[in-house]
Structures are given as structure tokens and as C-alpha cells.
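Q: I'd like to go over a predicted model; first the sequence, then the structure.
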Amino acid sequence: MLPEASGEPMPATAPHVILLVEDEVFIRLAMADDLMKAGFQVIQAATADEALKLLQSAIKVDLVLTDIIMPGTLNGCDLASMVHASWPAIKVIIVSGQYRGALAITPADAFVPKPYFLPLLIGTIHRLLGISNVNPAR
């Protein structure tokens, strides 16, 4: 059965790369699995410091999906600011259960509350990356 016929999120039409930054290992693994099932390539980082090193290594990333509170010298808001300053083409989504006002304090492109609702998260990613998820069969 095709994803659109089963009600599952439609996979991305291109191999977009998401850098997922989350220190809670089980949350990160679950989110990575959901994103891969939606058709994205996922690179994982446990801290914003690790994510910054990955970005500086010139890997291809289309979107950074980050929590705010993490161990290390940088938090997710710091990372979002650095991404927008150094890699303005990369979109940033902040995912947090605590800081609903994150868009007011950082240049993130979107905010998704935790616990995340998968269709909202995937829809936000599609919107930011310009992926059409229109299903002509419906």
C-alpha cells in the first residue's frame, strides 16, 4: 500500500538531509526513525557542539532540527543563531517542551512543541523545504 493511501506521512520527494540535535537518546532515536520513514536522510548529534562540528565539516544539510536545553557549551538557540549566520540556506526548527517563545529569542524558522505530533512536524519540514505533499489521489 502506498503511504498516501494508508494515511501515513508522504515521504520527501528528494533526499533532503536533516541534522537532528537531541541529547535524550531514546527521543533522538525515535525522531530519527520517524524522519527516515518519512523519506529523509538523518544525521544525528547529541549536542549543539557536536552539531556545529558536523556543519563545519561541510556535510550537506538542508534543515537542522534541534532541542533547546542540552549539555555542552551551546544550547539549541545558540546553534540556531550560528546556523543562520554561517549557513543562511539551512532551515532551523526548534523542538522543545518548555520554550514556546523560542522564535522570539532565536532566528529559528519554526517551532514545534514536544511531545511532537508527527504530521505537524513533517508538514513543517515540508513547508520549510518547499516539498509539495499534495496528494492528487485524494
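A: Great, that's in hand. Everything numeric here is computed off the predicted structure, so don't read it as measured data. Residues are numbered from 1 along each chain as shown.

Q: how about P115, what does it touch?
A: G97 (Cβ atoms under 8 Å, 6 or more residues apart in numbering). Glycine gets a C-beta too; all of them are placed from N, C-alpha and C.

Q: quick one, phi/psi of it?
A: Reported as degrees, to the nearest 10, the phi and psi values for P115 are phi -70, psi 140.

Q: Against F40, how distant is it?
A: From P115 across to F40, the span is 19 Å (Cβ to Cβ, to the nearest Å).

Q: Next: I94.
A: From I94 to F40 the distance is 17 Å (Cβ to Cβ).

Q: Any chance you could list what contacts stretch 65-73?
A: Here stretch 65-73 makes contact (Cβ under 8 Å, 6+ apart) with 18-24, 31, 35, 46-51, 75-77, 79-80, 92-96, 98-99, 102, 114, 125.

Q: and it, how far apart are its ends?
A: Distance across stretch 65-73, first residue to last, is 18 Å (Cα to Cα, to the nearest Å).

Q: all strands in this protein, in order from the N-terminus.
A: Per DSSP state E, the chain carries strands over the ranges 17-21, 41-45, 63-66, 91-96, 110-113.

Q: quick one: low-confidence ranges for the chain?
A: 1-14, 99-105, 133-138 (pLDDT under 70).

Q: residue nearest the centroid of it?
A: Centrality entry for the chain: nearest residue to the mean C-alpha point is L65, 2.6 Å, by Cα atoms, centre = their mean.

Q: And the helices in the protein?
A: Under the criterion DSSP state H, the chain contains helices at 3-6, 25-37, 48-56, 76-86, 102-105, 118-129.
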